[in-house]
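1. here is a sequence together with a model predicted from it:
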Amino acid sequence: MTLQKKDFIEIEFTGKIMGGEVFDSNIKKDLEQLNPQANPSPIIFCLGEGMFLKGIDDFLLGKEIGDYKIELTPDKAFGPRVADFIQKVPAKVFRSQNVNPFPGAVFNFDGRVAKVLAVSGGRVIVDFNNPLAGKDVVYDVHIIRKVDDQNEKIKSLINFLFRRDLKFSVKDNKIIIEVEKQMAQFVEMFQEKFKEIIGMELEVKAIEKEVPKETQ
């Protein structure tokens, strides 16, 4: 059985810099190299839909369930380093947020992650390149299974799109997601994505956010 576009699969994986250290994994013994307290979780995603690194996605199409060692050059992984992504930022930008920049510190600038390279007077030199940009990487991937359960597919797509679990049910070929009122309109923006990947209509049910009961 070969894997096709829109198949959902569950994998275990470890990503390493070529000849170097682990940078990502969902295997406990490997993930502990990054964080001894880490608690890895299964990875389920839909092939060919941008839910995992494209180089891995492309490689797995047409493959069978099994183990693979996938070597990727920068153009297939995290892209080349771009000189223009190294920029000077006025120190007052950091001071306005009550933070102290120092070489090696990592900050989030409106959704863009940047690493401080140097601090000189009133200027801070920051690098907006992905930390893995320009590097050859290798992934060890074990395809555990093809996922056929509808609820598992829906849950994995919800987690990918919204980075959280949301309560849902399925009725009459429709996915009904319950979400707080302030988030309802945002979730509705993904109706076409659910139809494209899962093949089902999406209905959003706005609910009042539960207020935790006071402990006695």
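-> Right, received. Where do you want to start? Residues are numbered from 1 along each chain as shown.
2. quick one: the strands in the chain, in order.
-> 8-17, 22-25, 43-46, 67-72, 86-90, 106-109, 112-120, 123-127, 137-147, 168-171, 174-180, 201-207 (DSSP state E).
3. got the domain ranges for this protein?
-> Domain assignment for the chain by automatic domain parsing gives 1-78+135-148, 83-127, 149-216.
4. where does pLDDT dip in this structure?
-> Filtered on pLDDT under 70, the chain yields the residue ranges 210-216.
5. need the longest helix for it.
-> With secondary structure taken from DSSP state H, the chain has its longest helix at helix 150-162.
6. how about the CA coordinates for that helix, as PDB?
-> Provided in PDB are the C-alpha atoms of helix 150-162 (Å, rounded to 0.1, in the frame of the first residue of the first chain):
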ATOM      1  CA  GLN A 150     -12.400  10.100  11.100                       C
ATOM      2  CA  ASN A 151     -12.200  11.600  14.600                       C
ATOM      3  CA  GLU A 152      -8.400  11.300  14.700                       C
ATOM      4  CA  LYS A 153      -8.100  13.100  11.300                       C
ATOM      5  CA  ILE A 154     -10.400  15.900  12.500                       C
ATOM      6  CA  LYS A 155      -8.600  16.300  15.800                       C
ATOM      7  CA  SER A 156      -5.100  16.400  14.100                       C
ATOM      8  CA  LEU A 157      -6.300  19.100  11.700                       C
ATOM      9  CA  ILE A 158      -7.800  21.200  14.600                       C
ATOM     10  CA  ASN A 159      -4.500  20.900  16.600                       C
ATOM     11  CA  PHE A 160      -2.500  21.900  13.500                       C
ATOM     12  CA  LEU A 161      -4.700  25.000  12.700                       C
ATOM     13  CA  PHE A 162      -5.500  26.300  16.100                       C
END
